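sequence unknown, structure follows:
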């Protein structure tokens, strides 16, 4: 399946903010005509990207979209402040701020219930959304998620976060390359083309201000505690797949332990020789693991769904 960015690009306006998103996969009508499909793949899959310089849903998941779209109606959303979406000042903590707009977009699309996959910053947004709207989220896939990750042995800030801060202070191509280099084990993936593509997006009008506003929401004394999602992890009732690169230098592997212990229905998959970008560095294994996990979902009654889709 070949999907070009322009062919699958869409936009919608939620509370005055224009959101950019991408959609591919079987339609509701096509799913209804295939009774043999497992229940898990009948639900749409929503993907939320990470928060590094130049990040967007397409940069994170564009290459993964054709594979997932074979099984799911798949929607990649540029969170507020990123990609082609508007870049408003963040109100409150970013996870809650973004989750509000994601829910608003899905309301417009008529999507009441869905699987949710979040990478890094998007993982934090996904967790906040699942906590606030448990009846909407069927299963969760979290990739080195922000807010939920709690480093028990590694120092904070981590190597990757330091590199992110360096770029924020001095937004050069060299500093961006240094940041991207912390994302992966395989340094051959850090190409000149990738650095330039991300640099153009990271320095586009409004992008640096949006990054600063997002970052401030995690340091502001009035809002940062709302982003400490590990304190609320015990409230998640969805089956949750935690995925981690063994060599993750942004949110290291020990950050998974509290979430694995406290989320009642959590399981952990670790990709060897892999950094923070499992969807890129371990692309096919990541697709297989996530697809198998999501496809195992069994819908219960609406009352059961209200508790997070207990199976």
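Yep, that arrived. If you're wondering where the values come from, they're calculated on a predicted model, not measured in any experiment.

which stretches of the stretch 1-150 of the chain form strands?
Using DSSP state E, counting those that start in this stretch, the strands of the stretch 1-150 of the chain run over residues 9-14, 17-24, 45-48, 74-77, 114-119, 137-143.

Find the least confident helix or strand in this structure, judged by mean pLDDT.
None of the helices or strands of the chain scores lower by mean pLDDT, DSSP states H and E than helix 302-305, at a mean of 50.

returning to that earlier point: of all the strands of the stretch 1-150 of the chain, which one comes closest to residue 170?
strand 114-119 (25.4 Å; CB to CB). To be clear about C-beta, it is placed using only N, CA and C from the backbone, and glycine gets the same treatment.

Next, the angle strand 137-143 makes with the closest one.
10 degrees (axes from the mean of the first three to the mean of the last three CA atoms, to 10 degrees).

list the helices and strands strand 114-119 packs on?
strand 45-48, helix 121-132, strand 137-143 (3 or more CB pairs under 8 Å, 6 or more residues apart in numbering; DSSP states H and E).

quick one: terminal-to-terminal distance for stretch 4-12?
19 Å (CA to CA, to the nearest Å).

Over to stretch 266-279?
20 Å.

buried stuff in it?
Using 16 or more other CB atoms under 10 Å as the test for burial, stretch 266-279 gives 266, 268-269, 271, 274-279.

got the contact list for it?
Contact with stretch 266-279 is made by 50, 60-61, 63-64, 119-120, 143-144, 160, 182-186, 189, 236, 239-251, 253, 256, 259-260, 281-282, 285-286, 289, 293, as judged by CB atoms under 8 Å, 6 or more residues apart in numbering.

Out of the residues you listed, name the ones that lie in helices.
60-61, 160, 259-260, 281, 285-286, 289, 293 (DSSP state H).

Dump those residues to CSV, plus pLDDT.
Shown next, in CSV, are the ones in helices among the contacts of stretch 266-279 (pLDDT from 0 to 100):
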residue, pLDDT
60, 97
61, 98
160, 97
259, 98
260, 98
281, 97
285, 98
286, 98
289, 98
293, 98
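
which one of those residues is nearest residue 125?
Nearest to residue 125 among these: residue 60, at 12.8 Å, using CB to CB.

before we move on, back to that, in a markdown table, list the strands of the stretch 1-150 of the chain along with mean pLDDT, mean neighbour count and distance to residue 89.
Formatted as a markdown table, these follow (pLDDT from 0 to 100; neighbours: other CB atoms under 10 Å; distance: least, CB to CB, whole Å):
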| stretch | mean pLDDT | mean neighbour count | distance to residue 89 |
| --- | --- | --- | --- |
| strand 9-14 | 98 | 15 | 16 |
| strand 17-24 | 98 | 20 | 11 |
| strand 45-48 | 98 | 28 | 20 |
| strand 74-77 | 98 | 28 | 19 |
| strand 114-119 | 98 | 27 | 22 |
| strand 137-143 | 98 | 28 | 27 |
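
Redo the ones you listed as JSON lines? Include distance to residue 54.
Converted to JSON lines, the strands of the stretch 1-150 of the chain look like this (distance: least, CB to CB, whole Å):
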{"stretch": "strand 9-14", "distance to residue 54": "17"}
{"stretch": "strand 17-24", "distance to residue 54": "14"}
{"stretch": "strand 45-48", "distance to residue 54": "16"}
{"stretch": "strand 74-77", "distance to residue 54": "16"}
{"stretch": "strand 114-119", "distance to residue 54": "14"}
{"stretch": "strand 137-143", "distance to residue 54": "18"}
